[in-house]
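> How does the following fold in three dimensions:
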Amino acid sequence: MDDRLLAPEAVRLDEHAANRDDAIRRCGGVLVEIGAVDPAYVTAMLDREQSISTYVGAGVAIPHGTTAGKAAIRRDALAVVRFPAGVDWGGNHVTTCVTIAAQGDGHIELLADLAELLLDSERARALHEAADPDDVRRLLLSSAPN
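You can find the predicted model right below:
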């Protein structure tokens, strides 16, 4: 996988959010800040969450936009945003969000790779505890096929 998919500046390890929607806005904001999406994509992310939760277990959510939101994507990108204090995600405790913006169907493979990583308790713990953005990038980028 191209390491530009997860730019160093897209890894934020010490964020705070009042609630799930605030966390989603922060995650989407990172994608906007790095130039991967237009602000309208953040609305599509909130819309997705209203239709189905993006919580996947192990303290992780994967916020992403609706199909209609794809028009607001400039380029495929990931962002990793960690909330050390946690966020109530519809009754689940989330500390790590892996946010996806994908123009095609590439996100399906990314979701499968992330699920595999989360099933490995040692690698999941490493994701939650990484202190350096480069460690997060290595962990996620090495879990995906090239």
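
> what ranges of the chain fall below the confidence cut-off?
1-3, 106-107, 143-146 (pLDDT under 70).

> Please enumerate the helices of it.
Using DSSP state H, the helices found in the chain span residues 20-33, 40-51, 106-119, 121-129, 133-143.

> Other residues contacting the third one?
By Cβ atoms under 8 Å, 6 or more residues apart in numbering, the list of residues contacting helix 106-119 from outside reads 56-58, 60, 62, 64, 76, 78, 98, 100, 102, 123-124, 127, 139-140, 143-145. In short, each C-beta sits where N, CA and C put it, glycine included.

> So which bits of that helix are buried?
The neighbour-count check on helix 106-119 (16 or more other Cβ atoms under 10 Å) flags 107, 110, 111, 113, 114, 117, 118 as buried.

> now the residues you listed as CSV including distance to residue 133?
Listed next are the buried residues of helix 106-119 as CSV, based on distance: Cβ to Cβ, whole Å:
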residue, distance to residue 133
107, 21
110, 18
111, 22
113, 19
114, 17
117, 17
118, 19
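
> hang on, the earlier thing: among the helices of the chain, which is nearest residue 7?
Of all these, it is helix 133-143 that lies closest to residue 7, at 8.5 Å by Cβ to Cβ.

> what's the longest strand seen in the chain packed up against?
If you go by DSSP state E, the chain has its longest strand at strand 77-89. Applying 3 or more Cβ pairs under 8 Å, 6 or more residues apart in numbering; DSSP states H and E, one finds that strand 77-89 contacts strand 11-12, helix 20-33, strand 92-101, helix 133-143.
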